[in-house]
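> Need coordinates for the below:
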Amino acid sequence: MSVTDCDIQELIRVAVAGDRAAVLDALLPASRSTVATRKRDNVRAIAEFDLDRLLALQEKMAKLIDTLTANELSADGGVLDGQKAAALMGEYLDERDITEFLAARREMIRQAVFDHLDEVGESELPVPEHGKKFCRDGGGYGTPRVDEQRLQALLGDRWIDACEEVIIPPQPERIEYQLSLEKLLAMGREDPAVLETLRSCLVPGKPQTPRFVVRDL
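Numbers count the residues shown, from 1 in each chain. Just a heads-up that it's a prediction; the model follows:
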C-alpha cells in the first residue's frame, strides 16, 4: 500500500512529537494487530461510544463464565485435540480483548484523576462513598547527577583536591581520580564559590512516572 503525502505529513508530525511507537505502528501493514493499535481502538471506542465494538465486548464479558465452565481443563494435563485447542484459543482471545479493554479504561480513569489533581493542586482524591481514595504517588524527577567533565574544567587545578585517589592494579600500577562529594563539600565550606560551581554542573534527574494507586480512607 502506497503512502500518500497526507500520510507522510502525519508521520512527520507524530515523529516530531516523539511518539516513535506510533510511527512504527503506522508503517506496519493495516492488518497487523498490536497491543498499541488495540489500545488506541479501545480508547477510541469508549470516547466515541462505538456501539458495535462495545456491544461485542459486552457479549464476550457476559459469556465468559460460561466459556470457562465449558472449557474444563484437566489437572493431569494430556493431549489437546483440534476442537479443544480451538475452544481454548477462542477463550484466550476473548479474555485478551476484555483485559486490554479494561486496561484502556483504567488508563482513562488514571488520566482523568491526574487531570483533576493537577487542577486542584492535590495528590489525593477521597471517595467517601466507597471508603477509598485515588492517590498519585511519586513523580517529579530522580536524583540529579554531576556533570564531572564540566566540573573538572571549571575547577581546573583544584579538581584533584575534590577527588579520591584510586590505585588500579595490576602492574603497571596507575592512579585514577574519582570525584568525592565529601571532599567537594569540604572545599565548599571553605570557599562557597565551589558550591556555586557544583550547582552549575548539576544535571536534573530523569522524570519519574507517578504511580496511580487506590487506598483505604
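> All the strands of this protein, residue numbers only.
In the chain, the segments counted as strands under DSSP state E are 124-127, 132-137, 145-146, 163-168, 174-179, 202-203, 211-216.
> Let me have the ones you listed in TSV, extended by mean pLDDT, distance to D52 and mean neighbour count.
From N, CA and C alone the C-beta is placed, and that goes for glycine too. TSV is the format used below for those (pLDDT from 0 to 100; distance: least, C-beta to C-beta, whole Å; neighbours: other C-beta atoms under 10 Å):
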stretch	mean pLDDT	distance to D52	mean neighbour count
strand 124-127	95	32	14
strand 132-137	93	31	16
strand 145-146	86	52	13
strand 163-168	85	67	11
strand 174-179	84	62	11
strand 202-203	83	51	12
strand 211-216	92	30	12
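> What's opposite R215 in the beta bridge?
Counting by DSSP bridges, R215 forms beta bridges with K133.
> how much space is there between G121 and R136?
12 Å (C-beta to C-beta, to the nearest Å).
> Model confidence at L184, what's the number?
pLDDT, L184: 87.
> Please apply the same query to the one 10 residues further on.
According to the prediction, V194 has pLDDT 87.
> returning to what we had before: anything in contact with each of G121 and R136?
Residues touching both G121 and R136 (C-beta atoms under 8 Å, 6 or more residues apart in numbering): there are none.
> Need the nearest residue in space to R145, chain neighbours excluded.
Closest residue to R145 apart from its sequence neighbours, by C-beta to C-beta, 6 or more residues apart in numbering: V203 at 5.2 Å.
> closest to A45 out of the strands of the chain?
Closest approach to A45 among these (C-beta to C-beta): strand 211-216, 21.7 Å.
> between the closest one and strand 132-137, what angle do the directions make?
Computed by axes from the mean of the first three to the mean of the last three C-alpha atoms, to 10 degrees, the angle separating strand 211-216 from strand 132-137 equals 150 degrees.
> what's the spacing between strand 211-216 and its chain's center?
Distance of strand 211-216 from its chain centroid, counting by C-alpha atoms, centre = their mean, to the nearest Å, is 17 Å.
> Mean pLDDT per helix and strand in the chain: which one sits at the bottom?
Counting by mean pLDDT, DSSP states H and E, the weakest-scoring helix or strand in the chain turns out to be helix 20-27, with a mean of 56.
> low pLDDT regions in this protein?
For the chain, the stretches with pLDDT under 70 are 1-33, 139-140.
> let's go with 90 and repeat that
Scanning the chain for pLDDT under 90 picks out the ranges 1-53, 56-57, 68-69, 72-84, 123, 137-148, 165-211.
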